[in-house]
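Asks: Just a sequence and a predicted model for now, questions to come.
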Amino acid sequence: MEQWNSVFQKRAAELKGDKWTLEMDDSIEPNQTQQGWNQYIRNSYAQFHCSLCRRSWPSKQVQVLFHFTLDSPSRHGTVKVRRFRQKCRTCAEAKMEQPSFTVENIDVMVEKLMEKIRVRCYGEEPKESNRNLVFNDKVDGPHESQHCEACQKGFCSQNPA
């Protein structure tokens, strides 16, 4: 959370003097925004670690959901983030684990989020960034839908519902 906040606050400082806050919220759902809120969905690379057997695995199919709004009168914006989880394929009693992102990939996601905020909250023209996510691991095998929280919700880019 600290890495996310640090990257976010650095980038949010450029947003017309408004104060923006970032909060992790596992209750937000895709395509179910509150009135006045916007949505941005990003696929990313991340690492997972099983809390039972300590196994770790990389994934190129980690869904990250952002809901955001700006209250113009108070000049305060809020971003809610949900990082979809995965579970270990080797543990019978595996629980869904949170993804671990590199700071560089968090920065790329937040940069793209800021582009969406500028367009939707400030009416600015979109500026497309050419920065790509970084992935240095080797992924063995196909995406395993039965271990992916986003797939279970019919939301994963690898499992169109």
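Replies: Yep, it's here.
Asks: okay, and for this structure, where does confidence drop off?
Replies: 133, 135-142, 157-161 (pLDDT under 70).
Asks: And the strands in it, which stretches?
Replies: 19-24, 38-49, 56-71, 76-83, 86-87, 96-97 (DSSP state E).
Asks: Okay, buried residues for the second one please.
Replies: Taking 16 or more other C-beta atoms under 10 Å as the basis for neighbour counts, the residues of strand 38-49 that come out buried are 38-40, 42-46, 48. Yep, even glycine has a C-beta here, placed from its N, CA and C like the rest.
Asks: same check, this time on the fourth one
Replies: Neighbour-count burial for strand 76-83, counted by 16+ other C-beta under 10 Å, picks out 77-83.
Asks: can you put those residues in CSV and add distance to P30?
Replies: Shown next, in CSV, are the buried residues of strand 76-83 (distance: C-beta to C-beta, whole Å):
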residue, distance to P30
G77, 21
T78, 18
V79, 16
K80, 12
V81, 13
R82, 9
R83, 13
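Asks: which one of the residues you listed sits closest to E2?
Replies: V81 (13.4 Å; C-beta to C-beta).
Asks: Surely that closest one and V64 touch.
Replies: Yes - at 6.7 Å, V81 and V64 qualify as touching, with contact defined as C-beta atoms under 8 Å.
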